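Participant: dropping a prediction and its sequence here:
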Amino acid sequence: MTKNLNIWLPAVRAGSGADIYTIRLSQALNRRGANASITWFNHLYELAPFLIKKNIPKNTNLIIANSWNAFHFKHPSIPLICVAHHCVFDKILAPYKSVGQRMYHNTLLHKYEKESLIKSDKIVAVSHYTADSYRENFGTKDISVIHNWIDTNLFRPQPRKPSSKVTLAFTGNWSTRKGADLLPEIMQSLGDRFLLLTTAGKRNGKLAASLPTNIRSVGHLKSEVELVNFYNQSDILIYPSRLEGFGYSALEAHACGKPVVATNGSALPEVISHNHSGVLCEKDDVQEFVAAISDLGRNHELREEMGLNARKIAKSVFSEDTILDSYLQLLNSLI
């Protein structure tokens, strides 16, 4: 039953996958007949969520919030669900933090997340890897895993014009955590027969100035429709990320029928089936990425086969209908 679910999703807008998750969850719940509404708060409140004014919508009987600030939205008579997207205290992430990030995480965020985990009536992690990371870093035991999902009616394969080049795609922030620093060397090794299209903003000016000519930015994409078109312009998604709480880009590409060459680590193996829907490579192993992409680039039939497998995985395991059944079962159990 969903008609009695009045769900409030307070969210600090961060321009990250957590924002996408909140929007998709609200939309999916409303499609199922629930009444779900989002209240967005300025990114500055990330540092001091306790300053947010709590104007809980009338008749709210469930609150769903991010683990970074969920503690602030606890109400004595309304169940609170805390969503854990990505544990920044994972030891794998440590080498890629700035001094400022390290100070913020250790002095404020650890306190915020610990309080959120304690005060919440239920904790949901978006992958088994993320759940394990929170267990290790916070000692939290009662965590439910409900994977992220995709609207496979929107994210679907589309016809594309033939190209003389094998076209690769990369989405996400141009950051070391995402492995963007590996892309220039990978593309230089692959040569002119390959073209990489990226949506990432080139944050590092020095790096941007030295990019090979076979890397081209398409700029900022303004809608999910543009994102679907972007994936469908490509043959393969390249995803050398060093740490992912889930891996939205991999799932989006899979739903569009694209194989993914990614790092064999964190949550990515939960989405990508090695040698079935893509290829998983050792972290930071540029030559292994080059070899995997070269093999797929030469073998059109293998790309097609992996793309079909990828689409099947997205529809059977990560579709909205499949995942929302688990979510609604959890929500109804709390009221």
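Facilitator: Thanks, I have it. Numbers count the residues shown, from 1 in each chain.
Participant: in what helix or strand does the closest residue to residue 90 other than its chain neighbours lie?
Facilitator: Closest residue to residue 90 apart from its sequence neighbours, by Cβ to Cβ, 6 or more residues apart in numbering: residue 133 at 4.9 Å. (C-beta placed from N, C-alpha, C; glycine too.) Using DSSP states H and E, residue 133 falls within helix 128-138.
Participant: off-centre distance for that helix?
Facilitator: For helix 128-138, the separation from the chain centroid amounts to 16 Å (computed by Cα atoms, centre = their mean, to the nearest Å).
Participant: name the next helix or strand downstream of it, please.
Facilitator: Counting by DSSP H and E, the element after helix 128-138 in chain order, helix or strand, is strand 144-145.
Participant: partner strands of that next one and their direction?
Facilitator: In the sheet, strand 144-145 lines up against strand 122-125 (parallel) (DSSP bridges).
Participant: for this structure, give me the ranges with low pLDDT.
Facilitator: Within the chain, the ranges that satisfy pLDDT under 70 run 1-3, 200-210.
Participant: show me how it divides into domains.
Facilitator: 6-149+319-334, 166-317 (automatic domain parsing).
Participant: quick one, phi/psi of residue 311?
Facilitator: phi -60, psi -40 (degrees, to the nearest 10).
Participant: oh, that last question was meant for residue 6, not what I typed.
Facilitator: The phi/psi pair for residue 6 (degrees, to the nearest 10) is phi -110, psi 100.
Participant: next one: the one 4 residues further on
Facilitator: The phi and psi values for residue 10, taken as degrees, to the nearest 10, are phi -80, psi 130.
Participant: list the contacts of it.
Facilitator: Neighbouring residues of residue 10 by Cβ atoms under 8 Å, 6 or more residues apart in numbering: 38-39, 41, 52, 54, 63, 65, 69, 73.
Participant: what bridges to it?
Facilitator: Note on residue 10: beta-bridge partners by DSSP bridges are residue 39.
Participant: distance-wise, check it relative to residue 231.
Facilitator: Residue 10 sits 31 Å away from residue 231, going by Cβ to Cβ, to the nearest Å.
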